[in-house]
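Engineer: Structure here, sequence nowhere to be found:
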């Protein structure tokens, strides 16, 4: 039996009091008020006042849940993700294994479940709904409605993952509707993904049974979806950042808002997680109980997970925070076990198996050349937007040298390519603006959603070197300059490392620093932004291994 004392935060009853939590057999046996020195009156519920009134003890509250995350984007296997996340008070995630499913299919989903079970952490995996995401790219696997049904039947699978094929919902595609019907059959929620969908189409999408969306870029779009009964996830990842645009919604819609990261690179995870969003929300003056409801309560209730909520009889999943302003986490408990303390994770790194799907030969420089005869007049180019998944379509005058279209470094218009990693095939080529590279190239096998190899660079030689580094490692991220080359190998599906999470984060940080300081990238997260340049389900212009894709018309488009 273990006893923890401190200022207990009762989110449901909106009160904080000094008390004692008694843990036995991994569950909360009792919660007792010790005295009234920490009890606050109804007129003292602002977070700053709370911390002044109760400065003599730490705060005990339910652990945080990331309401939508692709573990694979951390470049860590689930066990190592957990090792880093618990330091920041995260005890559970709603995890979509969509990325590894696109590479390895059902085997990939099972890998995530099995690896997650090796550590004390509450992973809640979904059944990927869109594998492949579209028919306009080459993926490594496909999951049909029968396979999705088999996944949803499992207790470990808590929901149907984000339904990115919203046109399929609107036009009642047979396979799409079968997958949604399976989720309803097993009484499991369906996650949404419908950027920019508004009005009657949004209502139709929601009425089909879609319960959440994490792709709102504006408050107006989110309000449109809220009024039709959808729950909104406020996303703040390494690349896509919607916190500032959406956080004020929490004031009026505390029951319908959750926090998520979606995609978070390892260096970002070392710095913080959902605790950072709580601190930022408090700094904006939002009521402490509304903030904690979004961070701790709503995901658990919506997805019917087994994470404890600091109630008698619940699993003893809770955290001890120094205050309710900065949310510095002192201790994290999962099933009554101390898993992190004073910034140190107590979860140990253990060996992980490796699965992959990678079969292409090294490339030659000549394969990356772009003949000027392919363009009649203006050059269609992707405009990357820092901090957003959405891109713009530009029509630009090409820079031509010796009958080849080349990168225009002065105007920051660089060559972008996608290489099929599953078989030898012609290389798709286009141009992109706003990466800011002055030298060299960067490449990655993390390229949503099919995870072919994607690269951006100032010249073909550098691009070729960066791509071949990835091929040699059978997956990874790389950076090349005239004097230096670096690579972080990702042998697990070409998406994740099986090394210690802090070691991976340090290696990634060094490569990221090289890209910014030596190659000149102006992006906050160049590799994360690169990974989304092949994400066809987000408008407006993207590049797949099959060619340039117009997200508005939802079809491949002629490069000319």
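Structural biologist: On my side now, so go ahead. Small disclaimer: the values here were computed from a predicted structure and weren't measured.

Engineer: Now for residue 199, how many residues are close by?
Structural biologist: Neighbour count of residue 199, defined by other CB atoms under 10 Å: 9. Bear in mind the C-beta positions are built from the backbone N, C-alpha and C, glycine included.

Engineer: no, scratch that, I was asking about residue 374
Structural biologist: 14.

Engineer: That one and residue 523, how far apart?
Structural biologist: For residue 374, the distance to residue 523 equals 28 Å [CB to CB, to the nearest Å].

Engineer: again with residue 77
Structural biologist: From residue 77 across to residue 523, the span is 26 Å (CB to CB).

Engineer: Neighbour count for the two, which is higher?
Structural biologist: Neighbours were counted for residue 77 and for residue 523 using other CB under 10 Å; residue 77 has more, 32 against 21.

Engineer: Name all residues that make contact with that one.
Structural biologist: Going by CB atoms under 8 Å, 6 or more residues apart in numbering, residue 77 touches 71, 115, 352, 492, 496-498.

Engineer: at 10 Å what do you get?
Structural biologist: Residues near residue 77 by CB atoms under 10 Å, 6 or more residues apart in numbering: 71, 83, 100, 111-112, 115-116, 118-119, 349-350, 352-354, 492-493, 495-499, 501, 504.

Engineer: Can you tell me whether I have it right that residue 479 is in a strand?
Structural biologist: Yes - assessed with DSSP: H, G, I helix; E, B strand; the rest coil, residue 479 lies in a strand.

Engineer: distance of it from residue 514?
Structural biologist: From residue 479 to residue 514 the distance is 5 Å (CB to CB).

Engineer: any shared contact partners between the two?
Structural biologist: Common neighbours of residue 479 and residue 514 (CB under 10 Å, 6+ apart) are 440, 442, 485-486, 521.

Engineer: hang on, the earlier thing: who has more neighbours out of residue 479 and residue 514?
Structural biologist: Comparing residue 479 with residue 514 by other CB under 10 Å, the one with more neighbours is residue 479, at 32 against 19.

Engineer: pLDDT weak spots in the stretch 101-250 of the chain?
Structural biologist: Judged by pLDDT under 70, the stretch 101-250 of the chain has no weakly predicted residues.

Engineer: same thing with the stretch 351-500 of the chain?
Structural biologist: Scanning the stretch 351-500 of the chain with the threshold set as pLDDT under 70 gives no residue ranges.

Engineer: what about 90?
Structural biologist: Where the stretch 351-500 of the chain drops to pLDDT under 90, the residues are 351, 372-377, 387-390.

Engineer: for it, what spans make up the strands?
Structural biologist: Per DSSP state E, counting those that start in this stretch, the stretch 351-500 of the chain carries strands over the ranges 379-383, 392-396, 399-401, 404-406, 413-419, 428-433, 441-444, 453-457, 476-480, 485-489.

Engineer: how about the ones you listed in TSV, adding distance to residue 533?
Structural biologist: Conversion of the strands of the stretch 351-500 of the chain to TSV gives the following (distance: least, CB to CB, whole Å):
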stretch	distance to residue 533
strand 379-383	6
strand 392-396	12
strand 399-401	20
strand 404-406	18
strand 413-419	6
strand 428-433	6
strand 441-444	10
strand 453-457	6
strand 476-480	14
strand 485-489	19
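
Engineer: Which secondary structure elements does the helix or strand containing residue 109 sit against?
Structural biologist: Taking DSSP states H and E as the criterion, the element that holds residue 109 is helix 98-116. The criterion is 3 or more CB pairs under 10 Å, 6 or more residues apart in numbering; DSSP states H and E, and the helices and strands that helix 98-116 contacts are helix 78-85, strand 90-95, strand 122-127, helix 145-152, strand 157-163.

Engineer: Save those as CSV, and put in mean neighbour count and distance to residue 239 too.
Structural biologist: CSV is the format used below for the helices and strands packed on helix 98-116 (neighbours: other CB atoms under 10 Å; distance: least, CB to CB, whole Å):
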stretch, mean neighbour count, distance to residue 239
helix 78-85, 28, 18
strand 90-95, 28, 18
strand 122-127, 25, 21
helix 145-152, 19, 28
strand 157-163, 26, 17
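
Engineer: right, so of these, which gets closest to residue 247?
Structural biologist: strand 90-95 (19.0 Å; CB to CB).

Engineer: The closest one - what's its average pLDDT?
Structural biologist: For strand 90-95, mean pLDDT is 98.

Engineer: Parallel or antiparallel, list what pairs with it.
Structural biologist: The partner list of strand 90-95 in its sheet, established with DSSP bridges, is strand 64-69 (parallel), strand 122-127 (parallel).

Engineer: distance between it and the chain's centre?
Structural biologist: Mean C-alpha position of strand 90-95 versus that of the full chain (CA atoms, centre = their mean, to the nearest Å) differs by 12 Å.

Engineer: And for stretch 464-471?
Structural biologist: The gap between where stretch 464-471 is centred and where its chain is centred comes out at 25 Å by CA atoms, centre = their mean.

Engineer: Stretch 188-203 now?
Structural biologist: So, by CA atoms, centre = their mean, the centroid of stretch 188-203 is 18 Å from its chain's centroid.

Engineer: Please apply the same query to stretch 316-331.
Structural biologist: Chain-centre distance of stretch 316-331: 23 Å, with CA atoms, centre = their mean.

Engineer: buried set for it?
Structural biologist: 316-321, 323-325, 327-331 (16 or more other CB atoms under 10 Å).

Engineer: For the residues you listed, which two are the farthest from each other?
Structural biologist: Put simply, by CB to CB the two of those set farthest apart are 316 and 325, 25.2 Å from each other.

Engineer: thinking again about what came up before, which members of the buried residues of stretch 316-331 occur in strands, if any?
Structural biologist: For the buried residues of stretch 316-331, the ones inside strands are 318-321, 329-331, with DSSP state E as the criterion.

Engineer: if I've got this straight, residue 172 is in a strand?
Structural biologist: No - under three-state DSSP, residue 172 sits outside any strand and is assigned coil.

Engineer: Can you tell me the number of residues neighbouring it?
Structural biologist: Per other CB under 10 Å, the neighbour tally for residue 172 reads 10.

Engineer: same check, this time on residue 467
Structural biologist: Counted by other CB under 10 Å, the residues lying close to residue 467 total 29.

Engineer: What of residue 376?
Structural biologist: With neighbours defined by other CB under 10 Å, the count for residue 376 comes to 9.

Engineer: which residues touch the nearest residue to residue 414 once chain neighbours are set aside?
Structural biologist: If you skip the residues right next to it in sequence, residue 414 has residue 407 as its closest partner in space, 4.6 Å away by CB to CB, 6 or more residues apart in numbering. In this structure, residue 407 makes contact with 370, 399, 401, 413-416, 431-432, 435, 437, 441, 456-460, 462-463, judged by CB under 10 Å, 6+ apart.

Engineer: again with residue 136
Structural biologist: Contacts of residue 136 were listed using CB under 10 Å, 6+ apart, and they are 450, 536-537, 542, 544-547, 549-550, 554-556.

Engineer: That one in helix, strand or coil?
Structural biologist: At residue 136 the chain is in coil, as set by three-state DSSP.

Engineer: and which of the buried residues of stretch 316-331 is nearest residue 245?
Structural biologist: Of all the buried residues of stretch 316-331, the one with the least separation from residue 245 (CB to CB) is residue 327, at 21.8 Å.

Engineer: Against residue 251, how distant is that closest one?
Structural biologist: Taking CB to CB, one finds residue 327 at 19 Å from residue 251.

Engineer: Equivalent analysis for residue 105, please.
Structural biologist: Remark: distance between residue 105 and residue 251 (CB to CB) = 43 Å.

Engineer: who's more crowded, the two?
Structural biologist: More neighbours surround residue 105 than the other of residue 105 and residue 251, with 19 against 14 (other CB under 10 Å).
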